[in-house]
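Trainee: Give the three-dimensional model of this entry:
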Amino acid sequence: MNRTALTLTFLTILFLTTGHIVYGQNKPLIYTNAANTYNKPAELKDLFPSNKVSEITLRPDSTFEFWSRPNVSCLTWSRHEGTWRRNKDSLIFFNNYEVEENDTRVTFKKESRQDFTITFKTDKDSELRNRDIKIKFVYDFDTQLEDPEKTVQLNAENALVIPFKEVPYLSDLAAIRIEYLLDFKEKRYCYLTQNETVNKKKADLPNNINVEFVETPKKEMVYRTIKMVIRKDNLIVVSSSKTKINLPDHHRDIEFETSYGLNK
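Mentor: Presented below is the predicted three-dimensional model:
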């Protein structure tokens, strides 16, 4: 058998054993697993919704999309994108995201005074030139109370003193939301609360609160690598890993089903 015939034989075997991901792809290839999407088959309707990836799209330009659609509401959907490359019978997916340090730090202490004293500073002890700060009282959701909002001014000690008697429905207060323009341009906002949910009260808010604005929050990149192997018309997930960083990473890991079939 001559060299040309051997080459054609090899390409034929490659096509048959690795499915439709071949060189010269000119349209997106979509792989799905219907077990975890809201339009799942009738025989799977009794299963609980899952956040696992339900659809994988491979584009000819070596970019990809992972979609999770656990519910009819698009508010529950999530999407990840990046690049992919082929390595023999495997596909390697690459994506990244940025993690940023919290730009506001808060400490609490309970004292016997009958007011909330909230003191502000920056991590570099810079002057707080903007004296206006917006506050909102956030009440327990079950009370159906409106959350009043107002703009107040910091005193000479860079603090707010809010007497308890000036807080409507104090017993239902779950959190205080603050919004501040640092140096008149960089917005800082956070909820002052020790409850797990900002609008669900479990305990009284401590009344001595120190707020520190981080002037230049640290940032780090996380690089993720996912490996899948090609078996005829299926992608089988092998591994997923990401680089280590120093900052806390609260991003949800991408979860997968074991395999995904090609939509024809």
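Trainee: use CA for all of it now, contacts and neighbours both
Mentor: Fine.
Trainee: how about low-confidence regions in the stretch 1-150 of the chain?
Mentor: Low-confidence segments of the stretch 1-150 of the chain (pLDDT under 70): 1-25, 34-49, 72-73.
Trainee: repeat that for 80
Mentor: 1-25, 34-50, 70-76 (pLDDT under 80).
Trainee: those strands in it, which residues are they?
Mentor: Under the criterion DSSP state E, counting those that start in this stretch, the stretch 1-150 of the chain contains strands at 29-32, 55-58, 63-68, 78-87, 90-100, 104-109, 115-122, 132-139, 149-153.
Trainee: of the ones you listed, which approaches Ile245 most closely?
Mentor: Closest approach to Ile245 among the strands of the stretch 1-150 of the chain is made by strand 90-100 (8.9 Å; Cα to Cα).
Trainee: What helices and strands are in contact with the closest one?
Mentor: strand 78-87, strand 219-231 (3 or more Cα pairs under 8 Å, 6 or more residues apart in numbering; DSSP states H and E).
Trainee: just the ones you listed: most buried one?
Mentor: With neighbours taken as mean count of other Cα atoms under 10 Å, the helices and strands packed on strand 90-100 reach their highest mean count in strand 219-231, at a mean of 17.
Trainee: got the angle between that one and strand 90-100?
Mentor: Counting by axes from the mean of the first three to the mean of the last three Cα atoms, to 10 degrees, strand 219-231 lies at 160 degrees to strand 90-100.
Trainee: just to revisit the earlier point, could I get the helices and strands packed on strand 90-100 as TSV with distance to Thr243?
Mentor: Shown next, in TSV, are the helices and strands packed on strand 90-100 (distance: least, Cα to Cα, whole Å):
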stretch	distance to Thr243
strand 78-87	16
strand 219-231	6
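Trainee: Of those strands, give the one that comes closest to Arg113.
Mentor: Across the helices and strands packed on strand 90-100, closest to Arg113 is strand 219-231 (Cα to Cα), at 38.8 Å.
Trainee: could you point out which element follows that closest one?
Mentor: strand 234-242 (DSSP states H and E).
Trainee: mind listing what's buried in that next one?
Mentor: Buried positions in strand 234-242, judged by neighbour count with 16 or more other Cα atoms under 10 Å: 234-237, 240.
Trainee: Closest one to Tyr169 out of these, please.
Mentor: Ser240 (49.3 Å).
Trainee: Could you verify my assumption that the closest one touches Arg224?
Mentor: Yes: if you go by Cα atoms under 8 Å, Ser240 and Arg224 touch, sitting 7.3 Å apart.
Trainee: Of the helices and strands packed on strand 90-100, which is nearest Glu179?
Mentor: When those are compared (using Cα to Cα), the closest one is strand 219-231, at 21.9 Å.
Trainee: Next, count neighbours for Lys150.
Mentor: Neighbours of Lys150 under the rule other Cα atoms under 10 Å: 10.
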